[in-house]
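Got a sequence here, can you model it:
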Amino acid sequence: MDLVKLCSGLQVNPLPPPKERSPDVAHAPNRNHNLSPDERLQAIKNALRYFPKDCHSELAPEFARELDEFGHIYMYRFMPDTSLMRAYPISEYKTNIVEGAATILMIMNNLDRRVAQFPEELVTYGGNGQVFSNWAQFRITLHYLSTMTNEQTLSMMSGHPAGLFPSHKRSPRVVITNGMMIPNYSSKDMYDKLFAMGCTMYGQMTAGSYCYIGPQGIVHGTTITVMNAGRKYLGPDNIAGKVYVTAGLGGMSGAQGKAIVIAGCIGVVAEVSREALDKRHAQGWIQKVVDSVDECIEVVKKAREEKAVLSIGFYGNVVSLWEGFAEYTERTGENLVELASDQTSLHNPFNGGYYPVQLTYEESNVMMNQDPPQFKSLVQESLRRHVKAVNYLCGRGMNFWDYGNAFLLEASRAGADVTKPDGSFIYPTYVQLTIGNVFSLGFGPFRWVCTSGKEEDLLKTDQLAAEVIRQQLEENPSPEEEGNLRDNLTWVEKAMENKMVVGSQARILYSNQAGRSRMAAAFNRAVASGEISAPVVLSRDHHDVSGTDSPYRETSNITDGSMWCADMAVQNVIGDALRGATYVSIHNGGGVGWGEVMNGGFGMVLDGSDEAGEAAVSMLHWDVSNGVCRRAWAGHPLAQHAISNTQATVPGYNITTCNVADEDLLRNL
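The predicted structure is shown next:
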């Protein structure tokens with residue numbers, strides 16, 4: 001790919017020829033824009049703003065056709081050859097500053113065909129997690145990043161590059177907001193309208209913040225969840241030969257197959273898209289593909305007998321699978337499934353995030369566009385059937401949890417039997433089940449990308465990270481901390497063996513504040529000495545200790561009433577920006593859906609300089625401890641222990657103490 005040309009800006013003189021979508025990649029479902037005639041014209045007018053007036057007569061009819069056919073103006077004419085899109089070695093980007101090159105690398109990785117769910121619609125994962133709203137924004141942004149200096153900041157507003165503004169060297173090079181809404185207007189109907197008009201977009205978590213690293217980005221957390229759920233429900237070291245059933249292989253859910261194997265159990269992952277299933281199978285993340293419920297049951301029975309470690313991809317609707325397992329159990333009295341969840345994109349239930357069992361995949365894609373009310377009705381009927389089968393099997397020994405994809409929320413809205421008399425859900429979220437305690441200890445999904453593109457650099461970072469964990473194990477950690485540290489050491493030591501890289505040379509590793517800051521310092525020193533041949537970009541999932549306020553997921557185990565508040569995520573991003581992050585982002589939506597969550601993240605370039613090393617340590621202290629502090633204030637004993645430890649070992653902390661009231665005293669009031 002000619003990267004200089006790619007970063008040269010928006011070509012308008014002459015305009016490039018019109019371009020058709022590629023038949024070689026999956027495409028986002030066509031949307032029903034449902035705009036009024038005036039709003040439709042405003043959407044076209046909004047799109048034309050990026051172009052000189054002498055281009056408007058040619059582009060306006062084309063944009064109108066895109067809007068009417070696809071429900072959005074993607075500007076395919078300006079799309080580069082996505083078959084060549086990838087994270088090229090950082091030395092190949094011709095920019096004024098390394099931070100600009102690193103950010104371009106991260107953006108291009110998010111749109112790599114091996115990584116992105118719908119690359120030509122600029123969707124990285126989750127069905128509608130956009131990097132940009134259209135291809136003009138992509139080209140203008142890359143041009144700004146290639147020409148900016150370290151005394152400028154690029155303002156990104158829901159995919160729109162507002163421009164470069166004067167700033168200073170310690171300020172972020174990019175500030176990103178996605179989907180920010182006046183609270184009373186943060187509804188799904190407003191999202192549908194404003195996305196069609198080109199006014200906002202859904203950045204998911206790490207799509208619109210350029211930090212996605214392929215399915216590896218969630219595989220560590222999924223592995224931790226499955227292992228700890230096994231320990232909780234089945235006892236220690238008793239997961240071998242047990243079966244975990246779930247759904248979704250399209251985006252981040254693609255991690256499930258690999259996590260199943262690492263955890264050491266048998267797993268079945270249902271997927272309605274043949275393309276998504278074949279992609280994960282070809283990448284080695286799914287080991288065996290089955291095409292019918294009967295075949296799936298026979299494969300599961302054999303694997304149980306052999307206590308095999310096996311990831312099975314079921315091509316079909318997960319409701320058919322659940323009803324098949326329920327019918328088998330009712331007929332034979334044998335329950336084949338011990339553990340269960342779901343990772344379909346139910347934050348986006350009526351636009352391709354969940355496919356109803358009554359229709360084929362292809363029929364669904366037509367109906368959601370042509371008859372949205374009927375499609376919604378079928379989705380909700382399918383959810384009721386889904387829950388009925390799950391409830392039946394849970395009554396016979398299966399254990400189910402919500403994986404933070406809004407499954408229980410949307411099932412309850414559909415009238416499914418998922419609530420207790422007090423309105424709470426009958427099943428836990430995975431945060432309530434396992435990850436909430438991990439977050440309270442300060443452990444979460446730390447990430448980094450080796451911008452050289454060299455596997456040997458990634459291996460070096462793995463070795464440095466392992467050294468840090470070993471050092472932490474020698475420092476008398478609590479039993480809970482020690483358990484996490486040992487699991488994480490095993491993870492990073494086997495990372496290369498598990499072949500998790502898809503796209504950029506990246507790694508995810510659950511780590512706490514002390515671990516992250518030490519690893520960052522070690523990486524920076526290695527870049528300075530040449531042991532690592534090019535800068536390293538630090539990041540994390542927004543789904544982390546401090547990054548997300550989400551009452552149905554990340555903060556679902558905060559019980560002081562503040563689970564509905566979003567101060568933590570906003571404070572987190574502001575604090576990261578003040579402490580030297582290369583770029584920061586704050587999003588409405590992500591995981592459980594638009595209007596249901598606020599989340600933020602960062603990217604930080606370690607270039608080997610003293611300034612980068614100091615900024616990383618300072619920023620990572622805040623980035624983790626902000627959330628541990630909030631969880632401690634809510635009364636979580638593990639968080640109180642963790643923040644007390646930090647306060648005792650790191651200068652400058654003076655945290656307000658939570659004095660927990662006696663329950664007997666309260667009962668007498």
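
And the helices in the stretch 351-500 of the chain, which stretches?
Ranges of helices in the stretch 351-500 of the chain, per DSSP state H, counting those that start in this stretch, are 361-370, 372-394, 407-413, 430, 436-440, 455-473, 479-493.

least reliable of these going by mean pLDDT?
Here the lowest mean pLDDT among these goes to helix 430, at a mean of 86.

contact partners of that one?
Residues from elsewhere that reach helix 430 (Cβ atoms under 8 Å, 6 or more residues apart in numbering): 225, 229, 341, 401, 402, 403, 404. From N, CA and C alone the C-beta is placed, and that goes for glycine too.

returning to that earlier point: now the helices of the stretch 351-500 of the chain in CSV, with distance to residue 326 and mean neighbour count?
What follows is the helices of the stretch 351-500 of the chain, written out as CSV (distance: least, Cβ to Cβ, whole Å; neighbours: other Cβ atoms under 10 Å):
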stretch, distance to residue 326, mean neighbour count
helix 361-370, 23, 17
helix 372-394, 4, 19
helix 407-413, 16, 23
helix 430, 23, 23
helix 436-440, 30, 24
helix 455-473, 43, 18
helix 479-493, 33, 18
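
Let me have those in CSV, adding distance to residue 328 as columns.
Listed next are the helices of the stretch 351-500 of the chain as CSV, based on distance: least, Cβ to Cβ, whole Å:
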stretch, distance to residue 328
helix 361-370, 25
helix 372-394, 10
helix 407-413, 23
helix 430, 26
helix 436-440, 34
helix 455-473, 43
helix 479-493, 34
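
closest one to residue 507 among those?
Nearest to residue 507 among these is helix 455-473; the distance by Cβ to Cβ comes to 6.2 Å.

Show me what that closest one is packed against.
Helices and strands touching helix 455-473, by 3 or more Cβ pairs under 8 Å, 6 or more residues apart in numbering; DSSP states H and E, are strand 444-450, helix 479-493, strand 506-511, helix 513-529.

go with 10 Å
Secondary-structure packing of helix 455-473 (3 or more Cβ pairs under 10 Å, 6 or more residues apart in numbering; DSSP states H and E): strand 444-450, helix 479-493, strand 506-511, helix 513-529, strand 536-540.

Lowest mean pLDDT across the ones you listed, which one is that?
helix 479-493 (a mean of 91).

Compute the inter-axis angle for that one and helix 455-473.
Angle between the axes of helix 479-493 and helix 455-473 is 160 degrees (criterion: axes from the mean of the first three to the mean of the last three Cα atoms, to 10 degrees).

Let's see helix 479-493 as PDB, backbone CA atoms only.
What follows is helix 479-493, C-alpha atoms only, in PDB (Å, rounded to 0.1, in the frame of the first residue of the first chain):
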ATOM      1  CA  PRO A 479      -3.900 -14.700  48.700                       C
ATOM      2  CA  GLU A 480      -6.300 -13.100  46.300                       C
ATOM      3  CA  GLU A 481      -3.500 -11.100  44.600                       C
ATOM      4  CA  GLU A 482      -1.200 -14.100  44.500                       C
ATOM      5  CA  GLY A 483      -3.900 -16.200  42.700                       C
ATOM      6  CA  ASN A 484      -4.300 -13.500  40.000                       C
ATOM      7  CA  LEU A 485      -0.500 -13.000  39.700                       C
ATOM      8  CA  ARG A 486       0.100 -16.800  39.200                       C
ATOM      9  CA  ASP A 487      -2.700 -17.100  36.600                       C
ATOM     10  CA  ASN A 488      -1.300 -14.000  34.800                       C
ATOM     11  CA  LEU A 489       2.200 -15.400  34.800                       C
ATOM     12  CA  THR A 490       1.000 -18.600  33.300                       C
ATOM     13  CA  TRP A 491      -0.900 -16.600  30.700                       C
ATOM     14  CA  VAL A 492       2.000 -14.500  29.500                       C
ATOM     15  CA  GLU A 493       4.500 -17.400  29.600                       C
END
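
Quick one: list the elements packing against that helix.
The contact analysis (3+ Cβ pairs under 10 Å, 6+ apart) places helix 479-493 against helix 216-234, helix 436-440, helix 455-473, strand 506-511, helix 513-529, helix 637-649.

how about these, which one is nearest residue 570?
Of all these, it is helix 436-440 that lies closest to residue 570, at 17.8 Å by Cβ to Cβ.

how far does the closest one sit from the chain's center?
Chain-centre distance of helix 436-440: 18 Å, with Cα atoms, centre = their mean, to the nearest Å.

Tell me which other helices or strands it touches.
helix 216-234, helix 479-493, helix 610-633, helix 637-649.

ok, and what's touching the last one?
In this structure, residues lying in contact with helix 637-649 by Cβ atoms under 10 Å, 6 or more residues apart in numbering are 436-443, 475, 477-478, 480-481, 512-514, 545, 558, 621, 624-625, 627-634, 636, 653-655, 657-658, 660.

got any ranges where the stretch 1-150 of the chain has weak pLDDT?
Counting by pLDDT under 70, the stretch 1-150 of the chain contains no low-confidence range.

Quick one: the helices in it, in order.
Under the criterion DSSP H, counting those that start in this stretch, the stretch 1-150 of the chain contains helices at 3-6, 37-48, 56-70, 98-110, 135-147.

re earlier: please tabulate the helices and strands packed on helix 455-473 in a markdown table, including the columns distance to residue 115.
Below are these laid out as a markdown table (distance: least, Cβ to Cβ, whole Å):
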| stretch | distance to residue 115 |
| --- | --- |
| strand 444-450 | 12 |
| helix 479-493 | 21 |
| strand 506-511 | 10 |
| helix 513-529 | 23 |
| strand 536-540 | 15 |
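
Tell me which of the ones you listed lies nearest to residue 161.
Set against residue 161 and scored by Cβ to Cβ, these come closest in strand 536-540, at 20.0 Å.

partners of that closest one in the sheet?
Using DSSP bridges, strand 536-540 pairs in its sheet with strand 444-450 (antiparallel), strand 598-606 (antiparallel).

can you give me the angle it makes with helix 513-529?
Strand 536-540 and helix 513-529 are oriented at 160 degrees to each other (the same axes, to 10 degrees).

which is the next helix or strand following strand 536-540?
Going down the chain from strand 536-540, the next helix or strand is strand 548-549, by DSSP states H and E.

ok, and what's touching that next one?
205, 404, 439, 541-542, 554-555, 558, 562-572, 587, 590-592, 597-601, 627, 630.

Tell me who's in contact with residue 3.
Contact analysis of residue 3 by Cβ under 10 Å, 6+ apart lists 84, 88, 92, 93, 94, 95, 101, 104, 108, 142, 146.

Alright, calling it a day.
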